[in-house]
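>>> Turn this into a model:
(2 chains)
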Protein chains: 2
Amino acid sequence: MKSVIHGILFSAITLLSPSFFAHTSGAESKHIISGFDAQTSITQRQLETRMDTNISTEELDTWLKHMSAKPHHAGSAASKETAEYIAQLMSSWGYDVKIEEFEVLLPTPKTRELELVAPHSYTATLREDSLPEDPSTGIREELLPPYNAFSAEGEVEAELVFINYGRPEDHEYLERHGIDLAGKIAIAKYGETWRGIKPKLAAEKGAIATIIYSDPADDGYGKGDTYPKGAFKHESGVQRGSVMDMPTYPGDVLTPGIGATRGAKRLKIEDATTITKIPVLPISYRDALPLLSAMDGAVTPPEWRGALPITYHLGPGPAKVRLKLAFNWDTITIYNVIARLEGSKYPSEWVIRGNHHDGWNHGASDPLSGQIAMLAEAKAVAALAAAGAPPARTVIYASWDAEEPGLIGSTEWAELHASELKKKAVAYINTDGSSRGFLSIGGSHTLEDFFNEISADVIDPQTGVSLKQRQRAFGKISGKDPAAKKEAEERKNIRIAPLGSGSDYTPFLQHLGIASANLAFSGHGAGGSYHTLYDTYEHFTTWRDPGLAYCATLAKVAGRATLRLANAGTLPFEFVALHDNVNMYIGELETLADTMRTQTESTNQNIADGTYGLFLDPRKKLGPPKSQDPVPYFSFAPLKNAARHLEKAAQAFSSRAPSNNRTAKQIRTFNKLLYTSERLLTMDAGLSGRTWFKHHIYAPGFFTGYGVKTLPGVRENIEQRNYAAVPGEIEKAAGILHQMANRIEQLNAL
Amino acid sequence: MKSVIHGILFSAITLLSPSFFAHTSGAESKHIISGFDAQTSITQRQLETRMDTNISTEELDTWLKHMSAKPHHAGSAASKETAEYIAQLMSSWGYDVKIEEFEVLLPTPKTRELELVAPHSYTATLREDSLPEDPSTGIREELLPPYNAFSAEGEVEAELVFINYGRPEDHEYLERHGIDLAGKIAIAKYGETWRGIKPKLAAEKGAIATIIYSDPADDGYGKGDTYPKGAFKHESGVQRGSVMDMPTYPGDVLTPGIGATRGAKRLKIEDATTITKIPVLPISYRDALPLLSAMDGAVTPPEWRGALPITYHLGPGPAKVRLKLAFNWDTITIYNVIARLEGSKYPSEWVIRGNHHDGWNHGASDPLSGQIAMLAEAKAVAALAAAGAPPARTVIYASWDAEEPGLIGSTEWAELHASELKKKAVAYINTDGSSRGFLSIGGSHTLEDFFNEISADVIDPQTGVSLKQRQRAFGKISGKDPAAKKEAEERKNIRIAPLGSGSDYTPFLQHLGIASANLAFSGHGAGGSYHTLYDTYEHFTTWRDPGLAYCATLAKVAGRATLRLANAGTLPFEFVALHDNVNMYIGELETLADTMRTQTESTNQNIADGTYGLFLDPRKKLGPPKSQDPVPYFSFAPLKNAARHLEKAAQAFSSRAPSNNRTAKQIRTFNKLLYTSERLLTMDAGLSGRTWFKHHIYAPGFFTGYGVKTLPGVRENIEQRNYAAVPGEIEKAAGILHQMANRIEQLNAL
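Just a heads-up that it's a prediction; the model follows:
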């Protein structure tokens, strides 16, 4: 294998001019790259250095300025233009480009009315201010006003109840106050949980509408100076966003599980379970203040209060609001740009790299900061190919449409091409909004070594050390506890985070079982522009990534990921880290059950013996919590045995001797067994209650939305106190791990 | 001894009418009271029940209304009237009453001017609003406007720097930003540390003045509805208060260590070290808002921000203020009311019970809620005496003047009578402001069993269970961690908290070594009226203790404490709990040193190897912390050996057989050795750097003010990184504990 790969690269290198090898000094001193040998590691790094020199912040700036010049949400003329712009660029660099269209339901706002009708009146403006300091904010052509996509429509009038972040525990607290949401309108803060969870849970509790506002404590003046003086949320800023029930299934609401092609069989709108049950409207904190000030009732607990200059009350009322929402329930065409560079050696092994192109508004940060990095990467990879170093595997650059309303472009494409993807897709690498600071990597744990090698090879533009050194510094200083700090000091790799949801990797990872990753920079480029009118070129280049140095660095990181996956002799999947992380999750589950058991016993005891009655203030309404069924002991033995099986197999794989004499066919077989191993972590039947989600190690939380739940079948049934289901889920997850271990043993035997 | 005590009570009881024994059913089923035997426990409880029936909420209400009718700060005509009112009541009940006068320095405000002079102008009102809903707030005769007593005077103009709570760690953070306080005016939030610490530390850093304001997050609308709608701080409310450097010495600033009698030798004002070095002024959040809004510079860290609707900045400037303060540096006469009831059996053993009577304004909560409880108790105790059951020991009820400006009345009295008190004082029981909720007991750990017996005997007025059961419920539900909850469930006693400072027990406990306690109810009667114009009858009876049921209960608790200490055959000091707590403190010190050592090493390492440089945002000014000398290992062995000595002696004392055949003289000797044992925890030399504080187990923190530091010599030298002093302090503290253990062994041998 080694010689084969070497042969490929050698043939490429012979075509290159001497200047190709500039800036490679020191590369020899580096470690061998996983999947490469000593010699091919050197040539691969030379390719990467060459790629880097083709990444230009001037070009990034040009593309960013062009694509963020106006609002370009899915369905807008500008969105189509953006797709065409990207397609044209990709074409010009030598990609084989197709624009793949889907027909999807996308409601846009027709009527949005919100007024306080008691105890006095106030009409919400529901409008974001144009700012003289930022000319982009004056460009409002095709601007979608603030709304939540896939909200139900209707007109309602009722008293307000403040539900904090609208999480399950927030509702439990309201119940302790005897507050019934039935017939009321919930007002919730953005944050802490995915926005779609808020109306979903509120509706389950009987609320007839939900208003969501951005509290200044979370991303407004409570965090820092507001735009345009600073990066944080302008008082009129409103976070748009989808409230589709994505934890059930993302993508077109009418075509779950299948591609939304023109002739596809569709559900009736009324049968689409992922549209909210009640109207939902997002508002600014400027509009929220009069509503919240007019509320009364019990004072919220301290941890519920935000940064408005009022005492926060739970209600209900006396603030009463009227809310009217109506939408255009249009079917629109969406445009995925699919640019392909055929693999020179393994054309039917696909490395897929994606970023969406639709934005709620100008979308400078979300999605364009990632999109321009992908373009720079694509251009550089094409230049290498044009210079005679094409990727060994097929590389597909995908610019997705309609990510914002519900990962629609990527999901429909993944669903349409599911069977081919399951056979051919090696991995999916995603980017989306990015800013400045530390490299954050989420993804399949089989790629932990792989990404650690990359982060060790790429230099941070501000400090001149490797990205990995900065990640380690982050963990050493900001680690939550001494154990976390110690890990940051001592663990060979920086962990990559398990993926929940929130961007286009979801259909690849969680529906199809394709090893995936999501890359971004964050930590030093915060702000409150997310999904508002203020996510502009001016905001991004002032506050998030001045000079676009981190966008360029993102291109270098993702470009290495793409190129290494494309060129590696043996695909760089490793299983020791998979075991290490899964084993940690199993430990977390045991701790979770133990903690819940102890707390439940203690709380039940304190309820039963009247301790709450002696603790709580009899002059206040807050009652004791409800008692809960005791938490039984679960046998985690099947999971632990499976993890041990996985560990042994992984260690053997990790310490295998290099095989230098495989045939091309053997290599293909070996690699296919490797890259399809992630499929073994899925089950066709999916997660119970949401069968679209097939992965049994990673899923977005059913009640958190974006937040990941690892070993979700087991974890969520413990958390939700469905104790009876836990043993079965433990068996399922254990089965999955044994399956993976068997596959590794099969690889070890080859 | 038993028979002697029994004889006293029997003789008393024979004089009582049969109705005296009403409401005593069930008393027999209770445990024997420490210091009593089975029979005298019954008669003592009968006395207490009789006492309870003499405590009337109607009378409490009358006294509260009368004394809170107008402002009555030390030095005002109303303060003298209040003293005379209390004296007259005490006299009328049969006490031998003296008003003991002292001549003390008390500056009052002459000029208070504060204006923002750049970048725009604002003149602070420095005035609290009268509210139509609360007529008391319209009564402003002799009202002291908002000021800080013992501030320096002067006129300064400079830029503002925001110093958060003004603690040492806040200054460290400012230094990381390169912000120099020299020549600047510091603006600090009230809270977290005693107010006098803020200007003290700011002055050390070079600030030329300090403004202190009450952030609405701490006791304004951020905590709950504001007065008069709710209990929390009105936007114009200002917390007055002393900024005298009480952790150095409290009391008259000109007569440290001696009574401020007319002819006493006095320091010159300029030599009084406890007057602040710089001008200090407290303001409302309404006045603070324009100042803070005009500031800029780096944004504060999230945990520094309050609840004003702005982004909080560190400065310096551009907000610039002019502050002018001038005071009348008058010597005033203060009036301590000393009411004595001679002991029938042990007249030269004194049980002292105190509460101050001066208030910053109307003072309904502080101090009158405690004062009326003391009056009710005093009246009931006198009634028992009049009915033939006088206390066996002398009981002294002290109503202190001038507590607010610096514990002046109590301190001068304790200093003047120091030598007699050291001989005769059995214990000092203090109350001060109190509200509603859970009984909180601070004090000498030798009284832990004693107070636990009392809290088990007194019924909570809202729930009908014992106060101790409510305390236990509080710990079981609100315990900080599982260990704290477990302790609340399982430990026989509820711990009593070690005392720092903040009320009149300080001279007794920390200067004279008299076992002391401080009693209050808290937890359900919060608010923001403290030291403002709004601490009125209306506020107190609406928000803090409606119906005064808890004031009445406080009288029952403190009354039992007084009566049991007065009547016990053997004084109820116990040493097992002393050991248990001291041993816990020793453990804390070891943990403190270990934690500091690990953190210091880790921080130093992260500084030295450049990790901070890789972690911090290079676009921001925040730099790494300063490296610190490594923390050496200290030998805690001397303390541990001493604790073990104490433990053995305490256990032997605790399990000693009752002695029934002691002579009266033997009893007196035994009791004197008992009650003077607390003196052994002091050293005449005092704490290093603040020799007025003699106690080596309890002291107010030099940099926290009110907050206690246990084993202060050791703890503060570790915290302040004076490592060289630690071994000597360990030896000192160990010596103290051995001394106490020797005393207990002496008692065991008797």
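
>>> Just the element for the residue of the stretch 601-750 of chain A found nearest chain B, please.
Nearest residue of the stretch 601-750 of chain A to chain B: residue A:614, at 3.6 Å (C-beta to the nearest C-beta). C-betas here are computed from N, CA, C, even on glycine. Per DSSP states H and E, residue A:614 falls inside helix A:611-615.

>>> what's the answer for residue A:161, then?
Per DSSP H and E, residue A:161 falls inside strand A:154-162.

>>> packing partners for that strand?
strand A:185-189, strand A:209-213, strand A:320-341 (3 or more C-beta pairs under 8 Å, 6 or more residues apart in numbering or on different chains; DSSP states H and E).

>>> closest one to chain B among those?
Nearest to chain B among the helices and strands packed on strand A:154-162 is strand A:209-213; the distance by C-beta to the nearest C-beta comes to 14.6 Å.

>>> that older thread, who's in contact with the helix holding residue A:614?
A:605-606, A:623-625, B:460, B:463, B:465, B:469-470, B:472-474, B:476-478 (C-beta atoms under 8 Å, 6 or more residues apart in numbering or on different chains).

>>> Next one: the residue nearest to residue A:679 when sequence neighbours are not counted from residue B:206, what distance?
Leaving aside its chain neighbours, residue A:679 sits nearest to residue A:513 (3.9 Å; criterion: C-beta to C-beta, 6 or more residues apart in numbering or on different chains). Separation of residue A:513 from residue B:206 (C-beta to C-beta, to the nearest Å): 64 Å.

>>> repeat for residue A:745
Distance of residue A:745 to residue B:206, given as C-beta to C-beta: 70 Å.

>>> domain assignment for chain A?
A:56-103+A:332-462+A:498-567, A:576-749 (automatic domain parsing).

>>> just these: most buried one?
Stretch with highest mean neighbour count among the domains of chain A: domain A:56-103+A:332-462+A:498-567 (a mean of 24; mean count of other C-beta atoms under 10 Å in any protein chain shown).

>>> if we can go back for a sec, tell me the angle the strand holding residue A:161 makes with strand A:320-341.
Per axes from the mean of the first three to the mean of the last three C-alpha atoms, to 10 degrees, the angle that strand A:154-162 makes with strand A:320-341 is 100 degrees.

>>> Counting neighbours, what do you get for the nearest residue to residue A:305 once chain neighbours are set aside?
In this structure, residue A:305 finds its nearest non-sequential neighbour in residue A:312, 4.5 Å apart by C-beta to C-beta, 6+ apart. Residue A:312 sits with 22 neighbouring residues when counted by other C-beta atoms under 10 Å in any protein chain shown.

>>> How about the one 10 residues further on?
For residue A:322, the neighbour count with other C-beta under 10 Å is 18.

>>> Quick check: it touching residue A:122?
No - using C-beta atoms under 8 Å as the test, residue A:322 is too far from residue A:122 to be in contact (11.1 Å).

>>> what residues are shared contacts of the two?
Common neighbours of residue A:322 and residue A:122 (C-beta under 8 Å, 6+ apart) are residue A:115.

>>> still on that earlier bit, any chance of the helices and strands packed on strand A:154-162 in CSV, with distance to chain B too?
Formatted as CSV, the helices and strands packed on strand A:154-162 follow (distance: least, C-beta to the nearest C-beta, whole Å):
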stretch, distance to chain B
strand A:185-189, 15
strand A:209-213, 15
strand A:320-341, 20
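
>>> dump the residue contacts of the residue found closest to residue A:83 once you drop the neighbours it is linked to in the chain.
Of all residues not flanking residue A:83 in the chain, residue A:335 sits nearest, at 3.7 Å (C-beta to C-beta, 6+ apart). For residue A:335, the contact set (C-beta under 8 Å, 6+ apart) comprises A:79, A:80, A:83, A:84, A:99, A:100, A:101, A:401, A:409.

>>> re the thing from before, what's next to the strand holding residue A:161, contact-wise?
Residues outside strand A:154-162 that contact it (C-beta under 8 Å, 6+ apart): A:117, A:174, A:179, A:181, A:183-188, A:207-209, A:211, A:278-279, A:291-292, A:295, A:300, A:304, A:312-325.

>>> what lines up beside it in the sheet?
strand A:185-189 (parallel), strand A:320-341 (antiparallel) (DSSP bridges).

>>> Can you redo the ones you listed as a markdown table, where the extra columns are mean pLDDT?
As requested, the strands paired with strand A:154-162 are arranged in a markdown table below (pLDDT from 0 to 100):
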| stretch | mean pLDDT |
| --- | --- |
| strand A:185-189 | 98 |
| strand A:320-341 | 98 |
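
>>> pLDDT averaged over stretch A:292-307, what's the number?
The average pLDDT for stretch A:292-307 rounds to 97.

>>> That stretch: end-to-end distance?
Start-to-end span of stretch A:292-307 (C-alpha to C-alpha, to the nearest Å) is 12 Å.

>>> So what's the gap between it and the chain middle?
Relative to the mean C-alpha coordinate of its chain, stretch A:292-307 is positioned 31 Å out (C-alpha atoms, centre = their mean, to the nearest Å).
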